[in-house]
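1. I'd like to go over a predicted model; first the sequence, then the structure.
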Amino acid sequence: MQHEGLRPSPAVRASASEDGLILLDVERGLVLSANAIGARIWHLIEQRQSAQQIAEQLVDDYRIPLDRAHHDVAAFVAQLAARGLVGPDR
């Protein structure tokens with residue numbers, strides 16, 4: 001999923017603020033929370049950006065090294081995908 005766009009599951013409802021993010025999977029009753037960077041990643045997923053594009057944006061937003069951004073985005077997206085909260089934008 002590194003170079004293909006991502007999309008949120010239609011069953012997910014999100015509430016984001018500058019403090020973080022709350023995700024609710026209405027089909028499974030699953031609730032997840034994330035920090036402000038997780039909220040930023042989610043916002044970029046909602047824009048159908050790829051993991052590569054998201055990592056590059058985090059480098060610009062937070063002035064972190066690209067390899068760290070790739071690692072953090074991949075880990076976050078993998079957790080979301082494992083729970084069925086995101087998938088490829090097809």
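-> Great, that's in hand.
2. what's around the nearest residue to residue 7 once chain neighbours are set aside, how many residues?
-> The spatially closest residue to residue 7, leaving aside those adjacent along the chain, is residue 89, at 4.1 Å (C-beta to C-beta, 6 or more residues apart in numbering). Any C-beta I mention is one placed from the backbone N, CA and C, and that applies to glycine too. Using other C-beta atoms under 10 Å, residue 89 is surrounded by 14 other residues.
3. List phi and psi for residue 89.
-> Main-chain dihedrals, residue 89, degrees, to the nearest 10: phi -90, psi 90.
4. got it, and residue 7?
-> Dihedral angles for residue 7 - degrees, to the nearest 10 - are phi -140, psi 150.
5. residue contacts, it?
-> 45, 48, 86, 87, 88, 89 (C-beta atoms under 8 Å, 6 or more residues apart in numbering).
6. at 10 Å instead, please
-> Contact analysis of residue 7 by C-beta atoms under 10 Å, 6 or more residues apart in numbering lists 45, 46, 47, 48, 49, 86, 87, 88, 89, 90.
7. Mind checking which of those are in strands?
-> Counting by DSSP state E, the contacts of residue 7 place 86, 87, 88 in strands.
8. Switch these over to JSON lines; also include distance to residue 37, neighbour count and pLDDT.
-> Output for the ones in strands among the contacts of residue 7, formatted as JSON lines (distance: C-beta to C-beta, whole Å; neighbours: other C-beta atoms under 10 Å; pLDDT from 0 to 100):
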{"residue": "86", "distance to residue 37": "16", "neighbour count": "25", "pLDDT": "96"}
{"residue": "87", "distance to residue 37": "21", "neighbour count": "14", "pLDDT": "93"}
{"residue": "88", "distance to residue 37": "22", "neighbour count": "12", "pLDDT": "91"}
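9. Quick one: end-to-end distance for stretch 41-59.
-> 12 Å (C-alpha to C-alpha, to the nearest Å).
10. What is the distance between the host helix or strand of residue 59 and the centre of its chain?
-> Assigning secondary structure by DSSP states H and E places residue 59 in helix 51-62. Taking the mean of its C-alpha atoms, helix 51-62 sits 11 Å from the chain's own mean (C-alpha atoms, centre = their mean, to the nearest Å).
11. before we move on, the earlier item: distance to residue 56 for the contacts of residue 7 - can I get that in TSV?
-> Converted to TSV, the contacts of residue 7 look like this (distance: C-beta to C-beta, whole Å):
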residue	distance to residue 56
45	14
46	17
47	13
48	15
49	9
86	18
87	21
88	18
89	17
90	22
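12. Cool, thanks, talk later.
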